[in-house]
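Chemist: Fold the following, please.
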Amino acid sequence: MEKQPLPTDDAKTEDNGYADEESQEAPPESAARAGWNSKVEYFLAQVGFSVGLGNVWRFPYLCHQNGGGAFLLLYVLLMLVMGIPLFFLELAAGQAIRQGSIGVWTYISPRLSGIGYSSCVVCFFVALYYNVILAWSLFYLGNSFQYPLPWSQCPEQGNVTVKECEMSSPTSYFWYRKALDITDSINDTGSFNLYIVCCLLVAWTIVCLGMFKGIKTSVKVMYFSSIFPYVVLFCFLVRGLMLEGALEGITFMFYPKLEIWADLQVWRQAATQVFFALGLGFGSIIAYSSYNPKNNNCHRDAFTVSAINFLTSVLATLVVFAVLGFRAKGKVLECVASGYMKENWMPHFNYSVPSSVDVEDYRTWFSQYGKHIPGNLTDCDLEQELKKGVEGTGLAFITFTEAMSLLPGSPFWSALFFLMLLNLGLSTMFGTMEGILTPLTDRFKSLANKKTKLTIFSCIVGFLIGLLFTQHCGNYFVTMFDDYSATLPLIIVVVFETFSVSWLYGADRFLDDIEGMLGWRPSVVYKYLWKYICLLAMLGLLLATTIRMFITRPTYMAWNQDKASEEHLEYPGWALAVLALLIIFAMMPVPVGLVHALLRERTTMVSTDDKYVSPMTDMSELDQRNGASGSFS
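Modeler: All right, here's what the predicted structure looks like:
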């Protein structure tokens, strides 16, 4: 039986394989699918999606907490043996089949269609809370055009400083009380925060306007949103290196602690970061690569995009710890200044000029004589200061904002920083939404002709559900979704993807198809990486994540208004039920798709030579019957 042909590129294409504007408008089915105008557009889209907020606030934190330079080496190792091969797998599958995630896995076998639907569900969960972070960035961006910055000093009621601010810090107070107006726990819902509601509406409007005509409009926005963050990071790097304490921060950051490699938790965190840094499992990589011409060198793209992603993380880490080193040095010098008791206690220090005192000299003196001095004298440890508040939103909206408020021209640097966060988030949001819209429009032809309406409808639904995160307890729900709605489901999705291609479809067969597509055969090393190394690594990561969830009761960071400090609280029972439902709902399409395919097979049995042939006996026969081909070439 003859195999169904793959969708072919439009005959009217330029020599480089990328469609020009006129050919993209052509009505025939082969040309109906949009295409990138150039390789630059494609790169901007892939890099913009993979490089996101996590590069700025999660990678530096993990690198700092897990051995500095040693973590970098471990990250590169896992990127080479796990990240790039899986990234290449998704790129090749999307480019060969020219469908979104639903179409790709249905194409390989109808039994696998649920994998694509699960990717869409996870993308939707991520889009819901990710856009709230953009709303926060918009709120801070709007407040950056003031001098002095509203978070640079504590407000006063009458002539008395607000107690909550005095007990914490101006930046913590502004974040928790002015921006979020947060409750003490997730049980206290509170009303809606109108400022954040308005910012969320603006964020979803920007996303909708940038995507309402698909990649034709989103890629135009990406010319700015993908490039601008690099301009800002380089500006911050140059400015940061000129600050006092920057060298200490960077040195502390990259000092290798190789003993950390013995900790399995570090391996788990490094593997998880590789996994999420590249955006594996979302379906966005598949969606973007599906708009490429068939002869595009996706193997080279996998290495190039991964390298850019890694180098961006390193650049962001340099910037973060140069600025945090400046902040920490200032804190330590304040500590040294407050530690001076009497001149006769420290005759060799010029206590009138604290900045002239070497911190190590002070700490050496403190270790010898500090215990014998009356009063509240403290050890001024630069390392301990660098460890404070360097993760997630705490880094962006508390620690980094505090450091920027100390810079000359602080409103300018603040506006630049939050504009960078906004653009990083937008390019990732475009990719996330594409991971929802492309598979649905490819799978359901009735939606393909109404993609603009579908985009607008999706954004409206996203905004309405996103109101959950604009309550006064909304930050706790953002943490819940970020920690649990995507992590476990995405790992499971990638495990299914890898197993499906390397074992069910066949790694050799997949490499044959790539050879037919590119004109040369990738190394056989990929076969063993996909079949064994990557699959076992993902199963190990899945097992470690699951065990950790069951051994340690999930907690979240709450703000206690009376104590004016953060504290870890356990999720209540109803919140744990929500966590479980999020994970179950995200993974439900996989078994549902399998059962649906099996039922269809039983009702429409295939006969060959008066014998029943099961789908696993002859996958190509089954794929033809279900309108799919058993080969990519």
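Chemist: For the chain, just list every one of the strands.
Modeler: 156-157, 160-161, 555-560, 565-570, 607-608, 611-612 (DSSP state E).
Chemist: what's the closest of these to A544?
Modeler: strand 555-560 (17.9 Å; CB to CB). All C-beta atoms are positioned from the backbone trio N, CA, C, and that covers glycine.
Chemist: quick one: low-confidence ranges for the stretch 351-500 of the chain?
Modeler: Within the stretch 351-500 of the chain, the ranges that satisfy pLDDT under 70 run 351-392.
Chemist: same question, the stretch 101-250 of the chain
Modeler: By pLDDT under 70, the low-scoring segments of the stretch 101-250 of the chain are 214, 216.
Chemist: picking up where we left off before, and the strands of the chain, which is most packed in?
Modeler: strand 555-560 (a mean of 18; mean count of other CB atoms under 10 Å).
Chemist: Listing partners with orientation, what would you give for that strand?
Modeler: Sheet pairing of strand 555-560 (DSSP bridges) gives strand 565-570 (antiparallel).
Chemist: what comes into contact with the partner strand?
Modeler: M167, S168, S185, I186, R553, P554, T555, Y556, M557, A558, W559, N560 (CB atoms under 8 Å, 6 or more residues apart in numbering).
Chemist: ok, now which ones touch M420?
Modeler: F228, P229, V232, L233.
Chemist: for those residues, which one is nearest L579?
Modeler: Nearest member of the contacts of M420 to L579, counting by CB to CB, is P229, at 32.0 Å.
Chemist: The closest one is in contact with V47, isn't it?
Modeler: No. Counting by CB atoms under 8 Å, V47 is not a contact partner of P229; they are 10.2 Å apart.
Chemist: In terms of neighbours, single out the busier of these two.
Modeler: P229 (26 against 20; other CB atoms under 10 Å).
Chemist: how close does that one sit to Y195?
Modeler: 25 Å (CB to CB, to the nearest Å).
Chemist: now do F59
Modeler: Applying CB to CB to F59 and Y195 gives a distance of 30 Å.
Chemist: which of these two has more neighbours?
Modeler: The residue with more neighbours, out of F59 and Y195, is F59; 24 against 18, by other CB under 10 Å.
Chemist: Check what pLDDT the closest residue to that one other than its chain neighbours gets.
Modeler: Sequence neighbours aside, S313 is the residue nearest to F59 in space, at 4.2 Å (criterion: CB to CB, 6 or more residues apart in numbering). Here the pLDDT value assigned to S313 is 91.
Chemist: who touches S313 in this structure?
Modeler: With contacts defined as CB under 8 Å, 6+ apart, S313 is in contact with N55, F59, P60, A277.
Chemist: Give me the nearest residue to P591, chain neighbours excluded.
Modeler: Excluding its sequence neighbours, the residue lying closest to P591 (CB to CB, 6+ apart) is G114, at 6.8 Å.
Chemist: thinking that neighbour is in contact with V592, fair?
Modeler: Yes. Counting by CB under 8 Å, G114 does reach V592; the two are 5.8 Å apart.
Chemist: okay, the strands of the chain in a markdown table with distance to F224 next?
Modeler: A markdown table is the format used below for the strands of the chain (distance: least, CB to CB, whole Å):
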| stretch | distance to F224 |
| --- | --- |
| strand 156-157 | 40 |
| strand 160-161 | 41 |
| strand 555-560 | 34 |
| strand 565-570 | 36 |
| strand 607-608 | 56 |
| strand 611-612 | 58 |
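Chemist: out of the ones you listed, which comes closest to L80?
Modeler: Nearest to L80, of all the strands of the chain, is strand 555-560, at 33.8 Å by CB to CB.
Chemist: Confirm for me that A586 is in contact with F481.
Modeler: No. Contact criterion CB under 8 Å: A586 and F481 do not qualify, at 10.9 Å.
Chemist: what is in contact with the two at once?
Modeler: F125.
Chemist: Of the two, which one has the most company?
Modeler: Set A586 next to F481 and count neighbours by other CB under 10 Å: A586 wins out with 26 against 20.
Chemist: how about that one, what does it touch?
Modeler: Contacts here follow CB under 8 Å, 6+ apart; on that basis A586 touches S118, V121, V122, F125, S485, A486, P489.
Chemist: tally of neighbours for the first one?
Modeler: Just to be clear, that refers to S118. S118: 28 neighbours (other CB under 10 Å).
Chemist: residues touching it, list them.
Modeler: So S118 contacts P489, I492, V493, A586, M587, M588, P589, V590 (CB under 8 Å, 6+ apart).
Chemist: which residue packs closest to it, ignoring adjacent ones?
Modeler: In space, S118 is closest to P589, 4.7 Å off (CB to CB, 6+ apart).
Chemist: Much appreciated, bye for now.
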